[in-house]
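> After the sequence you'll find the predicted model.
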Amino acid sequence: MKNKENVDKDGNTYIQVQPWYKKWWVWLIIIIICLAGKFVYNNTTSQTNTSNNINRTKKVSKIGTYSYDTDEFPISSSKTYNVNYKYTKWKSADIKIDKVKICKTTKPISHEADSGKIKVEGIITLYMTVIAHEKVDIDPDGTIIFSNLEESEDSDYTGFYNSIKKGHTQSGHIKFPIQHLKHISDIKAFRYDFDTFYKDDDDKDLGLIIKLQH
């Protein structure tokens, strides 16, 4: 809008200057500054929230440690299943697995296993008891195959070092690393294969299939 030309009572001509706040371009600049400020604020807030979310994702609470082989692994969660499994198809002995424990590590951890360097995301422990009907030997250093088809032969066990005499019972536990474990509930079942010996070194391969109730 152009400035208005006026004449006073004495005949003098003067120009009435429009106040700055009535000029349209002033308000246009103010609006642009406000919009730019809002954009910068929203962008900064979004980046901060994203960074916080990433940090929360990376940081997993540690509830303790769990031993495997000679290492201690930090774990974020664990669950014990009372499976009460019993294998009675072998006449030389009964095999019982009372419980199974699965631990989830806080993050993938490098471990030097017999098969080479692996990344461990979890550990499974089988608590096994053998009730001998005749003299038997157990080699728990076997193979485990999970329901996601992952297979592991890198076991760590306690017990079953000596022959089990007829009528005697021996207990121990066997641990296997899990290389891919997002959630503990991902393991629905597994098969555990191991060797046994009886009757003057006759051997028998046993395969135990165990389902986990979640």
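Yep, it's here.

> Name all residues that make contact with the most centrally placed residue in the chain.
The centroid of the chain falls nearest to residue 182 when counting by C-alpha atoms, centre = their mean (3.8 Å). For residue 182, the contacting residues are residue 121, by C-beta atoms under 8 Å, 6 or more residues apart in numbering. To be clear about C-beta, it is placed using only N, CA and C from the backbone, and glycine gets the same treatment.

> Specify the local secondary structure of it.
Secondary structure, DSSP: H, G, I helix; E, B strand; the rest coil: residue 182 is coil.

> go on, residue 29?
Of the three states, residue 29 takes helix according to three-state DSSP.

> Residue 94 versus that one, what's the distance?
88 Å (C-beta to C-beta, to the nearest Å).

> Model confidence for the nearest residue to residue 100 once chain neighbours are set aside, exactly?
Nearest residue to residue 100, sequence neighbours excluded (C-beta to C-beta, 6 or more residues apart in numbering): residue 81, at 4.6 Å. Per-residue pLDDT puts residue 81 at 96.

> Is it correct that residue 81 is in contact with residue 213?
Yes: between residue 81 and residue 213 a contact is recorded at 6.7 Å, counting by C-beta atoms under 8 Å.

> Which one of these two is surrounded by more residues?
Neighbours were counted for residue 81 and for residue 213 using other C-beta atoms under 10 Å; residue 81 has more, 19 against 7.

> Which strands or helices does the longest strand anywhere in the chain pack on?
Criterion DSSP state E: the longest strand present in the chain is strand 93-113. Applying 3 or more C-beta pairs under 8 Å, 6 or more residues apart in numbering; DSSP states H and E, one finds that strand 93-113 makes contact with strand 71-81, strand 85-87, strand 116-132, strand 169-178, strand 189-198, strand 202-211.

> Which positions in that strand come out as buried?
Neighbour counts over strand 93-113 (16 or more other C-beta atoms under 10 Å) mark 93-97, 100-106, 111, 113 as buried.

> what's the angle from that strand to strand 189-198?
Strand 93-113 and strand 189-198 are oriented at 110 degrees to each other (axes from the mean of the first three to the mean of the last three C-alpha atoms, to 10 degrees).
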